[in-house]
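Student: My questions concern the predicted model and sequence given below.
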Amino acid sequence: MGFVSTRFPAPGVALVTLDRPERMNALSMAVAEALLASLEALRDNGDVQAVVLTGAGRGFCAGGDVKEMVLNRGKSLAERQADLALMHRIPRVITEMPQVVVAAVNGPAIGAGFALALACDLPLASREARFGTAFLKQGLVSDFGLSYLLTRLAGPLAARRIIYLDQTLGAEEAHRLGLAGEVLAPEALLPRALALAEQVAAWAPEARAAMKLLLREAETERLPQMLDAEADMQARFILSREHAEAVDAFHRK
């Protein structure tokens, strides 16, 4: 059974849908493996310039599959570590792939699903979206990079309150904290996400990929290192054919 579907609704744009609506798109190992395979294939597809990630049905992603957690009780520590290592390749691929990834959060995004949305470059939320952690009440700590992503996007104090107090954020609160770029009516969410993906896909691929790399590095590097990185990349792109064509087009106007 396919738990993830991929379509190509516009030139240069891929739409990836978590397709397990009866379980609110919970991340079983089978779902995680399917999502990872889909993202890795798109990363290596030179015809794809932007990706939209969403969920089927009423939810975006309910996080880890609690039913599977019961079935996995017999696994050893090494087996659990291997499972998490595979799952954690998902946010790494999203953040490192050259394509810009737009999250269309159509419903609850809980635990790893919350982190999955935050790992994307441009998260959008439906008015029906909800964001929460749920880790501590299950006797767990965060995974999928949530401690890192939430701290950097919402700030240390907000991250502590959300996690320690097991807060569930509505779409507007997530927007206020900088966790969702826009809040949209449910019927407008996917069209808007696809429109943004098409806009991003129109940029010169090499420059867009380099810009994503710079923005990701800026999350942790200091200003002197970023100035050096920008100078190095900018010098290369000033000499590019795409830049020369853009300048010529400007002068023709």
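Tutor: Great, that's in hand.
Student: Residue 174 reaches residue 132, doesn't it?
Tutor: No. Residue 174 lies out of contact with residue 132 (C-beta atoms under 8 Å); the separation is 10.2 Å. The C-beta positions use only the backbone N, C-alpha and C, and glycine is treated the same way.
Student: what about these two, which has more around it?
Tutor: residue 174 (26 against 20; other C-beta atoms under 10 Å).
Student: Output the lowest mean pLDDT helix or strand found in this structure.
Tutor: Lowest on mean pLDDT, DSSP states H and E among the helices and strands of the chain sits helix 66-71, with a mean of 80.
Student: Which residues belonging to that one are considered buried?
Tutor: residue 68 (16 or more other C-beta atoms under 10 Å).
Student: Please apply the same query to stretch 96-113.
Tutor: Across stretch 96-113, burial judged by 16+ other C-beta under 10 Å covers 97-113.
Student: Mind checking which of those residues land in helices?
Tutor: Counting by DSSP state H, these place 112, 113 in helices.
Student: can you pull the buried residues of stretch 211-223?
Tutor: Buried-residue list, stretch 211-223, by 16+ other C-beta under 10 Å: 211, 212.
Student: now stretch 12-22
Tutor: Buried residues in stretch 12-22, counted by 16+ other C-beta under 10 Å: 12, 13, 14, 15, 16, 17, 18, 19, 20.
Student: which strands and helices sit next to the strand or helix carrying residue 80?
Tutor: Secondary structure assignment for residue 80, by DSSP states H and E: helix 77-87. Judged by 3 or more C-beta pairs under 8 Å, 6 or more residues apart in numbering; DSSP states H and E, the packing partners of helix 77-87 are helix 29-43.
Student: go with 6 Å
Tutor: Of the remaining helices and strands, none touches helix 77-87 by 3 or more C-beta pairs under 6 Å, 6 or more residues apart in numbering; DSSP states H and E.
Student: Give me the angle between that helix and helix 29-43.
Tutor: Taking axes from the mean of the first three to the mean of the last three C-alpha atoms, to 10 degrees, one finds helix 77-87 and helix 29-43 inclined to each other by 40 degrees.
Student: Name the residues of helix 77-87 that are buried.
Tutor: residue 87.
Student: still on that earlier bit, I'd like to know which of the buried residues of stretch 96-113 are part of strands.
Tutor: 100, 101, 102, 103, 104, 105, 108, 109, 110 (DSSP state E).
Student: Need these in CSV (columns: distance to residue 159).
Tutor: Formatted as CSV, those follow (distance: C-beta to C-beta, whole Å):
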residue, distance to residue 159
100, 24
101, 22
102, 23
103, 19
104, 23
105, 18
108, 19
109, 16
110, 16
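Student: Nearest to residue 44 among those residues?
Tutor: residue 101 (14.7 Å; C-beta to C-beta).
Student: residues contacting the closest one?
Tutor: Taking C-beta atoms under 6 Å, 6 or more residues apart in numbering as the contact definition, residue 101 lies against 51, 53, 94, 120, 121.
Student: Could you find the closest non-adjacent residue to residue 61?
Tutor: Leaving aside its sequence neighbours, residue 61 sits nearest to residue 113 (C-beta to C-beta, 6 or more residues apart in numbering; 2.9 Å).
Student: I appreciate the help and will end here.
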